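In: Structural data only, the sequence is not supplied:
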């Protein structure tokens, strides 16, 4: 389950599974993250243990710029800084809520996946030719635990594809081992993927 087509532009081969996991975590927020630049800077300043220098390094700006946003002298960041503020704020927002959702998914509830990709098969006697499919199916807690473990360990997109393919094979194609014994599905050319805790 890798985007191994070398003719595919790199923008289309980026970290779709990793990005989908991040989006899924952000959907479990119980309160919206700060939206204004001043509120985002204040939040990140507190998370940086009130170190203007550390926050400036984190955002790639000068300490004076951080001070101006905190004082309300600057309010409209340039696109690069705006993207950094949103990303840093959302990645640090409600860590306990995210951790609880991950723990629940890895131990009891699992998670849902919706994916549009090219699925190919290996199985003796299989009549299904590979083709693009859109599949929505649950992923069992055991697979969720492995996916999240790999994500935390810094796994690449290519590292995650086989385990996600196995999880989809288990629930969708073999219906939890009740049919198509020995079937193995791989997927490539992932057009879209979303997870839900």
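Out: That came through, no problem. Computed from a prediction, not measured in an experiment: that's the story for all the values here. Numbers count the residues shown, from 1 in each chain.

In: okay, CA-based contacts and neighbour counts for the rest of this
Out: Fine.

In: Point out where the chain drops to low pLDDT.
Out: Filtered on pLDDT under 70, the chain yields the residue ranges 1-14, 122-129.

In: State which helix of it is the longest.
Out: Taking DSSP state H as the criterion, the chain has its longest helix at helix 79-92.

In: which of the residues in it are buried?
Out: Residues of helix 79-92 classed as buried: 82, 85, 86, 88, 89, 90, 91 (neighbour count, 16 or more other Cα atoms under 10 Å).

In: go on, stretch 107-125?
Out: For stretch 107-125, a neighbour-count test (16+ other Cα under 10 Å) marks 109-121 as buried.

In: ditto for stretch 69-78
Out: Residues 69, 70, 77 are the ones in stretch 69-78 that count as buried (16+ other Cα under 10 Å).

In: my read: the second one touches residue 38, true?
Out: Same thing as residue 70. Yes: counting by Cα atoms under 8 Å, residue 70 touches residue 38, with 5.7 Å between them.

In: quick one: the strands in this structure?
Out: With DSSP state E as the criterion, the chain has strands at 111-122, 131-139, 184-196.

In: What segments of this protein are helices?
Out: 16-26, 37-47, 52-59, 63-71, 79-92, 95-104, 141-152, 157-168.

In: Would you convert these into CSV that also reports distance to residue 179?
Out: As requested, these are arranged in CSV below (distance: least, Cα to Cα, whole Å):
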stretch, distance to residue 179
helix 16-26, 27
helix 37-47, 50
helix 52-59, 51
helix 63-71, 59
helix 79-92, 41
helix 95-104, 28
helix 141-152, 19
helix 157-168, 14
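
In: Which among these is found nearest to residue 130?
Out: Closest of the helices of the chain to residue 130 is helix 157-168, at 13.7 Å (criterion: Cα to Cα).

In: Can you tell me the centre-most residue of the chain?
Out: Nearest to the geometric centre of the chain sits residue 21, at 2.2 Å (Cα atoms, centre = their mean).

In: who are the neighbours in contact with that one?
Out: Residue 21 makes contacts with 194, 195, as judged by Cα atoms under 8 Å, 6 or more residues apart in numbering.

In: again, only using 10 Å
Out: Contact analysis of residue 21 by Cα atoms under 10 Å, 6 or more residues apart in numbering lists 147, 148, 151, 193, 194, 195, 196, 197.

In: what residues does the longest helix of the chain touch?
Out: Applying Cα under 10 Å, 6+ apart, the contact partners of helix 79-92 are 22-23, 25-26, 29, 32-44, 47, 58-61, 76-77, 93, 98.

In: Equivalent analysis for stretch 29-48, please.
Out: 26, 50-56, 58-59, 66-77, 81-82, 85-86, 88-98, 101.

In: per-domain residue ranges of this protein.
Out: 10-26+99-196, 37-93 (automatic domain parsing).
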